[in-house]
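Engineer: I would like to see how this sequence folds:
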Amino acid sequence: MIEHKWLQGHTVLQVRPRGKFTAEDFHQLAEKIDPIIREQGRIEGLLIDAEDFAGWENFVAMVSHFRFVHNHEKHIQRIAVVSDNPVLKFMPHLVCHFISAEVRPFPLNDYPEALAWLKNPG
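Structural biologist: Numbers count the residues shown, from 1 in each chain. So this is what the prediction gives:
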């Protein structure tokens, strides 16, 4: 399951994975954000609260995740990944070669800084 919450009048989306990702999670998330992207043209920021990231349920879920990223990354200006997981701290350095959004990791205790960074693009 992916919990989500809009911040700053639908300009920043906070997502929080709960358990392992399923293919359906990304279908449901797309249904929530696609209308906002059509209306606004883009989302200023995506805040990924990855404290509970548990991976994917199966290969289909992983492919659905990659497809979701491919279809939406061009509509997101900045991505903040909040986690103390050492593997996820390196994720922004890897994904920056594949997506156009600026991606930055933040430790869990820097959640307010991550949100401030997303709210003030520039």
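
Engineer: V82 contacts L47, correct?
Structural biologist: Yes. If you go by C-beta atoms under 8 Å, V82 and L47 touch, sitting 6.7 Å apart. To be clear about C-beta, it is placed using only N, CA and C from the backbone, and glycine gets the same treatment.

Engineer: which neighbours do these two share?
Structural biologist: A114 (C-beta atoms under 8 Å, 6 or more residues apart in numbering).

Engineer: Please tell me how far P112 sits from L47.
Structural biologist: In this view, P112 and L47 are 11 Å apart by C-beta to C-beta, to the nearest Å.

Engineer: Please identify which of these two sits among more neighbours.
Structural biologist: A direct count of neighbours by other C-beta atoms under 10 Å for P112 and L47 places L47 higher, at 25 against 9.

Engineer: Quick check: the gap between that one and A80.
Structural biologist: From L47 to A80 the distance is 5 Å (C-beta to C-beta).

Engineer: who touches both of these two?
Structural biologist: If you check L47 and A80 against C-beta under 8 Å, 6+ apart, the residues they both contact are 114-115, 118.

Engineer: Let me have these in a markdown table, adding distance to P35 as columns.
Structural biologist: Converted to a markdown table, the shared contacts of L47 and A80 look like this (distance: C-beta to C-beta, whole Å):
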| residue | distance to P35 |
| --- | --- |
| A114 | 25 |
| L115 | 23 |
| L118 | 20 |
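
Engineer: Point out the other helices and strands that the top helix by length along the chain packs with.
Structural biologist: In the chain, ranked by residue count with DSSP state H as the criterion, the top helix is helix 23-40. Judged by 3 or more C-beta pairs under 8 Å, 6 or more residues apart in numbering; DSSP states H and E, the packing partners of helix 23-40 are strand 2-7, strand 12-17, strand 43-49, helix 59-72.
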